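Chemist: sharing a model that was predicted from the sequence below.
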Amino acid sequence: MEMKFALFALMLFGFAFAGLSISEYSVTPEIVEPGASGVLEIIVSNGAQTDTVENVVISVTSVEALGIDRSFVVGDLEALSSVIISIPFEASEDITSGYYTVEVRAVGRTQEYYLGSEGELKSKTESFEKRASIPVQVVEQPAISIVLSEESIEDLTEETFIFTNNGGKAKKLKITIQNEGMGFLNMDQLYIAELDKTASVTATLDARGAQEGATKLQLQLTYQNELGTEITQTKEIPITVKKAEGDFVFVQQGTIVTGKNENLQLKLTNEGKAVTDLRFTFESDDVRLRGLNEFSVGDLASGETKSFTVPLVANLPPGTQNVALSITWEESGEDRMGSITIPMEVVSDSTVGVFLEAKPTPLTAGGEHTISVTVSNLGSYDIEGTTVELQSEAFTLLTIQPQQYIGGLESDDFSSVQYKVLMNSVEPGTYPTTVKVSFRDESGAWVSLEEEIGVSVVEPVAQEDSTIPILLGLAIILIVLYWWFKRKKK
C-alpha cells in the first residue's frame, strides 16, 4: 500500500513540475538603428505546480557592437510564478546592418524526487538550464519627407511629388492617397523602385469628389528597408482644395450703400483658359440680384477683362465684407461649376436730419437769443462721436466753442445742443445758417455732413416814449390846481 502511494506521489511530482522556461520576449523598438538605444524584455517562468526554482541566474550575450552582454542573479522563483526582466542596450554607431541573435541562458536548481531501492521516496538537488535565441534587427531606417509642387489644388491638378530620404535606402516604395473623394487620375498608386536620396514623380491629382477648403493630403507610404522588412507609415501635407473656381479675378469699382437699390460696378479678368456662358449668383440671402435670377457675363477669352454693372441690394454691415458667388461656365467642352469669395466694400446709409429752434422768437437784429440744434439719426445703424458746429453771417456765437459734442445716437434717435447768439445788425430777411455734423458710422469711418438752413431776422419793435404821457398828466394837474386856487381866492 505504501508503494502505491509512493508511485502516485512520484508521478504527481513528475507531471507537476514543468521546470524553468523563457516564455516570452520583446524588443523595443522592433528595429534598432545604429547608435540608438533599445530594451530587451524577457519573461522567465517557473511552470512547476509545487517546486521552487532556486538561485536563478540569467546571462545575455551577443555581438559586442550590440552592447547587450551581461549577467545577473534573479534569485528564487516560486512555483507557477514569473519575473519580467528588462535589459537596456545601445548599438554602436558603426554596427553593420543585419539580423543579430541574442542568446539568453537561464540556470537554476530544484529538488528532484525518485524511489529508492527500498521503495522509499527520496529527493536530490538537480541543476538545469534553459536557452533562448532572440533575433534583433539592426538597420538604418529610411527617413522620407515629401514636398508638393502645388499647395493649392483644383478638381484636376498636375502635381509633382518630390521625395527626399535622409536615412537608409527604401525599396519598393508605394504611395497611395487616403483622403475620401481624392486620388490619382487613372492610377491607384505611385511606385518608386528604390529611394536612396531624392526622387520626383509627376501625377494628376483628382479632387473632384473632395470637399472645398483647407485640409491635409494623407499619403500612405509602404516600403522595405535594406533588410527587406516592410514598413507602413502615413504622411500628412497641408493643402487647399478649390472647387472648380477657374482662374477668375473679380475687382469692385466703387462702393455701394447698404440696404439701398445699387448698381455694383465689377471688373472680371479670366486668368485661366477660355470659357463660355459664364454666369453667377450670390450664395448669401443678404445680397440679392434685382430683377434677375442669375447674372450672365457671357464668354471670356484667356486673359480677357470685362467690366459690367450688377443691379443688387446688399443688406450687409458697413465695411469690407466677404461675399460668396456660385459660378457656372463651360470650359473645354465640359460644364463646370464652383464657388468664389470676393471682398465687397459697403458703406453705411448713415445720414442725419437737422432742425433749428430759437427762443425767444422771432429773431431780431441786435437781440440775444438761444438757438437749439436737434440732430436725428435717420440711418439703419447706430452712429458714434457725433459733433455739431453752427455758423452764420446773421449772428455771432456767445458760446465759447463753436463745436459741441452729442456722442452716440441709435437708429431713429435724436439729441439737441444749445447755442447763445447775438444777432448782428442786419437788415430784415432770411440768412443762410450752416450746420456741420460729424460722426463715425458702423464701419468705423468718419462722415461729415453740412446742411444749410435759412433763418429769418426781423426789425426790432420801436419802443413808445413814456415821458410824453407823464408830462401831459402833470400839465393837466397843474391846470386843475391853478383853476382851483383861483376860484377859491374869488
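Modeler: Looks like it came in fine.

Chemist: and the next helix or strand past the helix-or-strand element of the chain with minimal mean pLDDT?
Modeler: Counting by mean pLDDT, DSSP states H and E, the weakest-scoring helix or strand in the chain turns out to be helix 2-16, with a mean of 37. Next helix or strand after helix 2-16 toward the C-terminus (DSSP states H and E): strand 20-28.

Chemist: surely Ile477 is in a strand?
Modeler: No: per DSSP: H, G, I helix; E, B strand; the rest coil, Ile477 lies outside any strand segment and is helix.

Chemist: what residues are up against it?
Modeler: Going by CB atoms under 8 Å, 6 or more residues apart in numbering, Ile477 touches no other residue. Heads up, the C-betas are built off the backbone N, CA and C, glycines and all.

Chemist: quick check: phi and psi on the nearest residue to Ala301 once chain neighbours are set aside?
Modeler: Leaving aside its chain neighbours, Ala301 sits nearest to Ala274 (4.9 Å; criterion: CB to CB, 6 or more residues apart in numbering). As for Ala274, its main-chain torsions (degrees, to the nearest 10) stand at phi -60, psi 140.

Chemist: how about Ala274, what does it touch?
Modeler: Counted by CB under 8 Å, 6+ apart, Ala274 has contacts Asp299, Leu300, Ala301, Ser302, Glu331.

Chemist: now do Val251
Modeler: Leu266, Lys267, Leu268, Thr269.

Chemist: let me know the closest of those to Leu356.
Modeler: The nearest member of those to Leu356, counting by CB to CB, is Leu266 at 42.9 Å.

Chemist: for Val310, see how far away that closest one is.
Modeler: According to CB to CB, to the nearest Å, Leu266 and Val310 sit 6 Å apart.

Chemist: picking up where we left off before, need the pLDDT of the residue nearest to Ala301.
Modeler: The model reports Ala274 with a pLDDT of 90.

Chemist: if we can go back for a sec, most widely separated two among the contacts of Ala274?
Modeler: Ala301 and Glu331 (12.0 Å).

Chemist: more neighbours, the two?
Modeler: Glu331 (16 against 11; other CB atoms under 10 Å).

Chemist: what's opposite the closest residue in space to the more buried one that isn't next to it in sequence in the beta bridge?
Modeler: Spatially, and ignoring its direct neighbours in sequence, Glu331 is nearest to Val275 (5.0 Å; CB to CB, 6+ apart). Going by DSSP bridges, Val275 is paired in beta bridges with Leu300.

Chemist: is Val275 in contact with Ser332, as I believe?
Modeler: No: contact criterion CB atoms under 8 Å: Val275 and Ser332 do not qualify, at 9.1 Å.

Chemist: those two: which is more packed in?
Modeler: The neighbour comparison of Val275 against Ser332 (other CB under 10 Å) goes to Val275, with 23 against 8.

Chemist: check contacts around the residue most central in space within the chain.
Modeler: Residue closest to the average C-alpha location in the chain (CA atoms, centre = their mean): Ala214, at 9.8 Å. By CB under 8 Å, 6+ apart, Ala214 lies in contact with Pro238, Ile239, Thr240, Val241.

Chemist: what's the local residue count around the first one?
Modeler: Just to be clear, that refers to Pro238. Using other CB under 10 Å, Pro238 has 10 other residues around it.

Chemist: show the contacting residues for the residue lying closest to Glu24 once chain neighbours are set aside.
Modeler: Leaving aside its sequence neighbours, Glu24 sits nearest to Ile43 (CB to CB, 6+ apart; 4.3 Å). Listed by CB under 8 Å, 6+ apart, the contact set of Ile43 reads Ile22, Ser23, Glu24, Tyr25, Ser82, Val83, Ile84, Ile85.

Chemist: pretty sure the fifth one contacts Asn46?
Modeler: Yes: under the criterion of CB under 8 Å, Ser82 lies in contact with Asn46, with a separation of 7.1 Å.

Chemist: how close does the closest residue in space to Asp196 that isn't next to it in sequence sit to Ile162?
Modeler: Using CB to CB, 6+ apart and skipping the chain neighbours, the partner closest in space to Asp196 is Lys169 (5.4 Å). Distance, Lys169 to Ile162, by CB to CB: 18 Å.

Chemist: more neighbours, those two?
Modeler: Taking other CB under 10 Å, Lys169 and Ile162 do not tie; Lys169 has more neighbours (17 against 13).

Chemist: correct me if wrong: that one contacts Gln141.
Modeler: No: with contact defined as CB under 8 Å, Lys169 does not reach Gln141; the gap is 10.1 Å.

Chemist: overlap of the contact sets of these two?
Modeler: Joint contacts of Lys169 and Gln141 (CB under 8 Å, 6+ apart) are Asn225.

Chemist: what's the helix or strand for Ile58?
Modeler: Counting by DSSP H and E, Ile58 is part of strand 53-61.

Chemist: actually Leu474, sorry about that
Modeler: helix 467-489.

Chemist: can you list the weak-confidence ranges in the stretch 351-490 of the chain?
Modeler: 461-471, 480-490 (pLDDT under 70).

Chemist: rerun at 80
Modeler: By pLDDT under 80, the low-scoring segments of the stretch 351-490 of the chain are 442-445, 461-490.

Chemist: re earlier: check contacts around the residue nearest to Asp196.
Modeler: Pro142, Glu194, Leu195, Asp196, Asn225, Glu226.

Chemist: ok, the nearest residue to the fifth one once chain neighbours are set aside - contacts?
Modeler: Yep, that's Asn225 we're talking about. Nearest non-adjacent residue to Asn225, counting by CB to CB, 6+ apart: Val139, 5.3 Å away. Residues counted as contacts of Val139 (CB under 8 Å, 6+ apart) are Ile31, Glu33, Ser97, Gly98, Gly168, Asn225, Glu226, Leu227, Thr229.

Chemist: shaky segments in the stretch 101-250 of the chain?
Modeler: 111-126, 154-156, 208, 242-246.

Chemist: which residues in it form strands?
Modeler: Taking DSSP state E, counting those that start in this stretch to define them, one finds strands in the stretch 101-250 of the chain at 121-138, 144-148, 152-153, 156-165, 170-177, 183-184, 190-195, 198-206, 213-224, 230-241, 248-252.
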